[in-house]
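>>> Quick one: sequence plus predicted model below, questions after.
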Amino acid sequence: MPKKSLFFVFALCIIALASCKKQEIILNESYAQNPQFFSRNSNAAKNPLQRDFIDTIIGLIKVADLKTKFAGYVNEHYGTPDWNSSIRLSNANGMRSLVIPIVDPKNNVPLVMFAYQTAPGDILLRFIDRDTKQLRLPLHGNPDKKQFTQYTLKGLFTSLQKAVEVNRKEKEIATNATYIMTTTCWWYSIFYPDGALLIADAQCSTDVVMVEDDLYELTPAFPNGENGGGGGGSGGGGSGPSSHAPFPTECSADYSQQESDFNALLLDAEAFDQPEQPYMVEAAAGVQTKPWAGDWVCLKFSQSCRLRGHVSGEIKKIASSPDPLRTWAFKKIKYEGMQIEGWLFPGTTVSFTQGIATPSFTEDNAALYNYLSALMQVKFNVTYQFKPVGNCPIAADVIAVISVPISVPYVTRGAWALWDKY
């Protein structure tokens, strides 16, 4: 080839490379990362190892954001990360995960970001919405409490909300301290293969050992919420591996709704301590003793169903009282049991023990002292069981797992104060 032709080809190559390089620069400059999304309080994580780990994760997430451009969307629709309130978890691969709360303008945590280290320079990201039911996660864990379950996710959201509230309060009073979550615990449902019951126990953040499969089982909050990859680019946008069999497709909508209602009730059921409520006593000439009765909400399953406890006893007129408006005292108090009120969703059944009651005084003590107030504490158990109803065909192996009874212990207290009625 003539020298002039070679020179012409070489020049075209140089122009083409320069054009590509210029185009690459323009594309890179078209996406400006939000610096607020990747900044943390300089006081965060007094422990240098934890501080360095957070900085490492921030760096990897910045690289992932250049690829999938999620930071702007998260900031606009949910809020910004509170790196200071993050929780660190262990991974089965010997590395760590960081769970970062995304905080909205009202200091609520509607979203969390999971950053799972697959290698020293790689992460797998998942953005998880608080209100999304994660039914692909197991509900019950193993006795060693390492398994990541629906209770684990709920506990993480609750703990992160607490950490955010504490840090915001400290910021308002201008302190230099920062609340760093080293260990936090929550209620956890454990399945014992050699028994018929499941029980509730405490799982702590230091117990959890995540596997990569846990991330793939989480339903992301938005499409890019399932993408990830920092450093070497450990993706995460595909369907991912799964160790859980899919639910049967026949009549799946009916079945899924019943299971969702059951899981929601199980996770949200809450025992109550009733504040001291007044019991008004009418005066009657010559009457020295009177029967009395009280009740209180022991546990609320949902807006439509609750357990109510009942007490009864006797009160006595007293000659002297520090308060002229309170001339009656408790003579005896007896726990009469509890009953269920309202209705449950189809597919959900509950049973409960009447429990062990402990009053704040005995009848013998009441003969010696004047008790103007009374309290009754009850320790009891509720057993939950999912029993699908209707003509919906459900696989036998699924029924064998989800219909196992779950026993949860609770403590409730009711309190009353006697006042004269005029």
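Nice, thanks for sending it over. Residues are numbered from 1 along each chain as shown.
>>> where along the stretch 301-422 of the chain do the helices fall?
Assigned by DSSP state H, counting those that start in this stretch, the helices in the stretch 301-422 of the chain fall at 363-368, 396-402.
>>> Give me the residues contacting the first one.
The contact list for helix 363-368, computed with Cβ atoms under 8 Å, 6 or more residues apart in numbering, reads Ala329, Phe330, Lys331, Lys332, Tyr371. For glycine as for every other residue, the C-beta is placed from the backbone atoms N, C-alpha and C.
>>> 7 Å instead, please
Phe330, Lys331, Lys332 (Cβ atoms under 7 Å, 6 or more residues apart in numbering).
>>> in that helix, what counts as buried?
Ala366 (16 or more other Cβ atoms under 10 Å).
>>> Centre of the chain to it, how far?
45 Å (Cα atoms, centre = their mean, to the nearest Å).
>>> Let's test this: name the helix or strand in this protein with the lowest mean pLDDT.
Counting by mean pLDDT, DSSP states H and E, the chain has its least confident helix or strand at helix 3-29, which shows a mean of 42.
>>> now the following helix or strand past that one: mean pLDDT?
Following helix 3-29 in sequence order, the next helix or strand is helix 48-68 (DSSP states H and E). Across helix 48-68, the average pLDDT comes to 82.
>>> same thing with stretch 340-356?
Stretch 340-356 shows a mean pLDDT of 86.
>>> Now tell me which of the helices of the stretch 301-422 of the chain the model trusts least on average.
Among those, helix 396-402 scores lowest, at a mean of 47.
>>> you'd agree Asn370 is up against Ile318?
Yes: between Asn370 and Ile318 there is a contact under Cβ atoms under 7 Å: 5.1 Å.
>>> Comparing the two, which shows the higher neighbour count?
Asn370 (18 against 15; other Cβ atoms under 10 Å).
>>> What does that one show for phi and psi?
Note on Asn370: backbone dihedrals following degrees, to the nearest 10 are phi -100, psi 110.
>>> From Gly414, how far out is the nearest residue to it once chain neighbours are set aside?
Excluding its sequence neighbours, the residue lying closest to Asn370 (Cβ to Cβ, 6 or more residues apart in numbering) is Ala329, at 4.0 Å. Ala329 sits 18 Å away from Gly414, taking Cβ to Cβ, to the nearest Å as the criterion.
>>> So if I had to pick from these two, which one is more boxed in?
Gly414 (26 against 19).
>>> Touching, that one and Asp273? I think so.
No: applying Cβ under 7 Å as the test, Gly414 and Asp273 come out as separate, 8.2 Å apart.
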